[in-house]
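A.B. asks: I would like to see how this sequence folds:
(chains A and B)
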Amino acid sequence: MIQLKNRSLVSITDYSKEEIIKVLDIAEEFEKNPRQKILSDYVIASLFFEPSTRTRLSFESAVQYLGGRIIGFASADTSSVRKGESLKDTILTVSNYSDLIVMRNPLDGSARFASEVSPVPIINAGDGANQHPTQCLLDLYSIRKTQGTLENIQIALVGDLKYGRTVHSLVQALSKFNATFHLVSPEILKLPSAVKKWIKDAGLEYYQYTELADVIPFADILYMTRIQGERFPDPIEYEQVKNSYVLENKMLDKSKDNLRVLHPLPRVNEIHENVDSNPKAYYFQQAQNGVYVRQALIAAILGLKE
Amino acid sequence: MSDKRTELKVSAIRRGTVIDHIRSESTFRVFQILNLEDVKDQVYLGTNLESKKLGKKGIIKISGKSFVSSEINKIALVAPEATLIEIEEYEIVKKEKIVPPDTITKIVKCVNPKCVTNNQNVETKFNIVTDYHGQMKLVCHYCEKSMTQKDIFFI
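C.D. replies: Numbering: from 1, shown residues only, chains lettered A, B, ... in the order given. The predicted model follows:
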């Protein structure tokens, strides 16, 4: 049975395959009609303990389109955290003022903890290097929308597969949909074995590459990621690999017609700007889909859409 | 007739607990995590003893001591192959292989310095799993990072 009402979303693995599909179906409805005033009686708290552009603004946009009100802060500096307030106390206080809390926090596991102490549901908008489930849902929405299905996708994941949390969540989610994984990374940034285990446990296949050109001819989805300097313990290691993969327009000449290029953004050098005008470039629409997916989640968790 | 001994003689204990079948390299760690240096009664420790099962094994005999479940869980994390034997009046009254629990709370610190449990007042909690090499792993309930036996640090 699908029951999303009053349930926090901390990790993409909290949702079954059917629950993921349910959220995507509701999101599709919002894409057709994003301005429904169903949140006019609701207050949503948006607690961003660290900076974010896309995630925070798309959540706030999602709430505003639905007629809801938002309270909260965009950095820990403007909250009582600066005075030393604990996360538990902040959550318990804010839960008195709101129906649902969207939270980003730099500590790994902070969202799970918040969901255990909060009387209102929590949506994890990123907990450190751990999970970012709404990014995963909008990635899945974008894949389904461009390919017509989530089943049997040939997905190429490119770049930082070791530290990239969006990659890990996407592997976990697509393992429910019979995907084949083509993993392109420098030797030192390979997918961790704990994440590969998800693929193996689902009885699926993965292949590892070091050259981006090798996967372009047969991929349905090319999921590019930024090599994130801030995640590297050793700056020399980062310098060695930071520009390992740069996708240029001409490289897509031999790709399949249905191939779409996705990227969780922000990008640095890994997709050349000459790709932007190619109809196969989908990363900005992907970011737009984040609004519909977040509308769907909020509506489902508040029990306003079933 | 020679009275030269060919075996090491270790006294039997009258009442207490024997931890047997410890991997040799883990013997001192078991001693340490149970704070056995504070025990006032007799404690015997042997290591690098012949073992059919393990090749080399360690054994610890503690007089006048029985273990509570949180202590047994600690042993399970450091020496998951060990056997626990309870002794009364020199007789074995109970002998069982230690079984690691499915979850473990409070006693282990998360190895991830950015984990919420290392930065806020949150009790630790781990799920114990076996990876596909058969190795025991502890997966943090909060930050989801997994750690191996060598990373275990008791609070």
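A.B. asks: where does residue 16 fall, phi/psi-wise?
C.D. replies: You didn't pick a chain, so chain A it is. phi -80, psi 170 (degrees, to the nearest 10).
A.B. asks: tell me the contacts of residue 100?
C.D. replies: The chain I'm using is chain A. A:42, A:44-45, A:120-123, A:298, A:301-302 (CB atoms under 8 Å, 6 or more residues apart in numbering or on different chains). Where you see a C-beta, it was placed from the backbone N, CA and C, and this is true even at glycine.
A.B. asks: that's the wrong chain, I wanted chain B
C.D. replies: Here B:P100 is in contact with B:73, B:76-77, B:80, B:128, B:136 (criterion: CB under 8 Å, 6+ apart).
A.B. asks: again, 6 Å this time
C.D. replies: B:76, B:80, B:128 (CB atoms under 6 Å, 6 or more residues apart in numbering or on different chains).
A.B. asks: Among those, which are located in helices?
C.D. replies: The helices, defined by DSSP state H, take in B:A76 from the contacts of B:P100.
A.B. asks: Rank the contacts of B:P100 by pLDDT and give me only the lowest.
C.D. replies: Lowest model confidence among those falls on B:P80, which carries 89.
A.B. asks: Which single residue of the stretch 1-150 of chain A ends up nearest chain B?
C.D. replies: Proximity of the stretch 1-150 of chain A to chain B (CB to the nearest CB) peaks at A:G109, 2.8 Å away.
A.B. asks: Excluding sequence neighbours, find me the nearest residue to that residue.
C.D. replies: Excluding its sequence neighbours, the residue lying closest to A:G109 (CB to CB, 6 or more residues apart in numbering or on different chains) is B:Y142, at 2.8 Å.
A.B. asks: if we can go back for a sec, quick check: the farthest pair among the contacts of A:L100?
C.D. replies: A:Y42 and A:I122 (15.3 Å; CB to CB).
A.B. asks: For those two, work out which one has more neighbours and name it.
C.D. replies: Under the criterion of other CB atoms under 10 Å in any protein chain shown, the comparison of A:Y42 against A:I122 puts A:I122 first, with 27 against 19.
A.B. asks: Pull up the gap between the residue of chain A positioned farthest from its centre and A:P106, please.
C.D. replies: Here chain A reaches farthest from its C-alpha mean at A:K83, the gap being 31.0 Å by CA atoms, centre = their mean. As defined by CB to CB, to the nearest Å, A:K83 lies at a distance of 18 Å from A:P106.
A.B. asks: same thing with A:P235?
C.D. replies: 20 Å.
A.B. asks: ok, the closest residue to chain A within chain B - contacts?
C.D. replies: Residue nearest to chain A within chain B (CB to the nearest CB): B:Y142, separated by 2.8 Å. Applying CB under 6 Å, 6+ apart to B:Y142 gives the contacts A:109, A:112-113, B:115-117.
A.B. asks: doesn't A:Y42 make contact with A:I70?
C.D. replies: No - counting by CB atoms under 6 Å, A:I70 does not reach A:Y42; the two are 9.9 Å apart.
A.B. asks: related to what we said a few turns ago, where's the residue nearest to A:G109, which helix or strand?
C.D. replies: Using DSSP states H and E, no element contains B:Y142; it sits outside every helix and strand.
A.B. asks: do B:K56 as well
C.D. replies: Short version, using DSSP H and E: B:K56 is in strand B:55-63.
A.B. asks: Could you give the secondary structure assignment for A:H182?
C.D. replies: strand (DSSP: H, G, I helix; E, B strand; the rest coil).
A.B. asks: swap that for B:F28, sorry
C.D. replies: helix.
A.B. asks: show me what contacts the residue nearest the centre of chain B?
C.D. replies: Nearest to the geometric centre of chain B sits B:I75, at 2.2 Å (CA atoms, centre = their mean). By CB under 6 Å, 6+ apart, the contact list for B:I75 reads B:82, B:98.
A.B. asks: 10 Å instead?
C.D. replies: Applying CB atoms under 10 Å, 6 or more residues apart in numbering or on different chains to B:I75 gives the contacts B:19, B:22, B:26, B:29-30, B:33-34, B:60, B:67, B:82, B:84, B:98, B:100.
A.B. asks: now do A:S169
C.D. replies: A:11-13, A:130-137, A:139-140, A:195.
A.B. asks: With B:I128 instead?
C.D. replies: Counting by CB under 10 Å, 6+ apart, B:I128 touches B:73, B:76-77, B:80, B:100-104, B:136-139.
A.B. asks: how about 7 Å then?
C.D. replies: By CB atoms under 7 Å, 6 or more residues apart in numbering or on different chains, the contact set of B:I128 is B:100-104, B:136, B:138.
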